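Asks: with the input below, show me the fold.
(one chain, ligands or ions: 1)
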Amino acid sequence: MKDKIVLVGFMGSGKTTVGKLLSKVLKIPFVDLDEEIVKRTNMSIPCIFEKFGEERFREIERKTLVEFLLKPKNLVISTGGGAPTYKNNMELINKNSVSVYLKTDFEKLWERISKDSNRPLVRLGKEKVRDLLKRRLSHYEKAKIIIRTDELTPEEVVKKILPEVS
Ligand code: S3P
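Replies: Coordinates of the predicted model:
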């Protein structure tokens, strides 16, 4: 097995849930980049956006991503929805891991994220968020493995990933 699996995809696509489950099944540690950023900065994500702006958040996110990608150990890493779209992050992910894009229909994503106050970009409103997903697709689609998750439970998504990474 390749030593790192990185989950990418839009907000609400289930990266954290699937990542935790996958790490349990594979018996390798799990890292959630957003959680790491919150721990390290001692600030919530909306607070970082508000105080320092999105660009600063992206730099912190990139630094955290690179640090984990370069760790000499097996890991399942779930990324924030914007991480693959910043600078050459997606290239770095592909160079250092098996990347998995959890591809989910926009309406389903919106249903899951629209009431979440912990995701600052949701405040842009439905149509702008739909556009954001469209602009991000070409980045996500560089992933080595693409899984359509629409009708699948997290357990079923993991079952689909396993043969691709074992
Ligand atoms: C973001 C997604 C969030 C978080 C931040 C920005 C994005 O992570 O990193 O709110 O730009 O799509 P999730 O994808 O885990 O919600």
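Asks: pLDDT at the spatially most central residue of the chain, what is it?
Replies: Using C-alpha atoms, centre = their mean, the residue of the chain that lies closest to the mean C-alpha position is Thr79, 2.9 Å off. Listed pLDDT for Thr79 reads 98.
Asks: now the phi/psi pair for it, please.
Replies: phi -100, psi 160 (degrees, to the nearest 10).
Asks: give me every residue that touches Pro46.
Replies: 117-120 (C-beta atoms under 8 Å, 6 or more residues apart in numbering). In this view, the C-beta of every residue, glycine as well, is placed from N, C-alpha and C.
Asks: ok, so of those, who is nearest the ligand?
Replies: Within the contacts of Pro46, distances to the ligand taken as C-beta to the nearest ligand atom reach their minimum at Arg119, with 4.5 Å.
Asks: ok, that closest one touching Met11?
Replies: Yes: between Arg119 and Met11 there is a contact at 5.5 Å, judged by C-beta atoms under 8 Å.
Asks: between those two, what contacts are shared?
Replies: The contact sets of Arg119 and Met11 overlap at Ile113 (C-beta under 8 Å, 6+ apart).
Asks: how far away is the residue nearest to the centre of the chain from Glu127?
Replies: Thr79 sits 25 Å away from Glu127, going by C-beta to C-beta, to the nearest Å.
Asks: same question, Lys51
Replies: 27 Å.
Asks: what about those two, which has more around it?
Replies: More crowded of Lys51 and Glu127, by other C-beta atoms under 10 Å: Lys51, with 11 against 8.
Asks: quick one: that one from Asn42, how far?
Replies: Distance from Lys51 to Asn42, counting by C-beta to C-beta: 12 Å.
Asks: now the strands: where do they sit in the chain?
Replies: Assigned by DSSP state E, the strands in the chain fall at 4-8, 30-32, 75-78, 98-103, 145-148.
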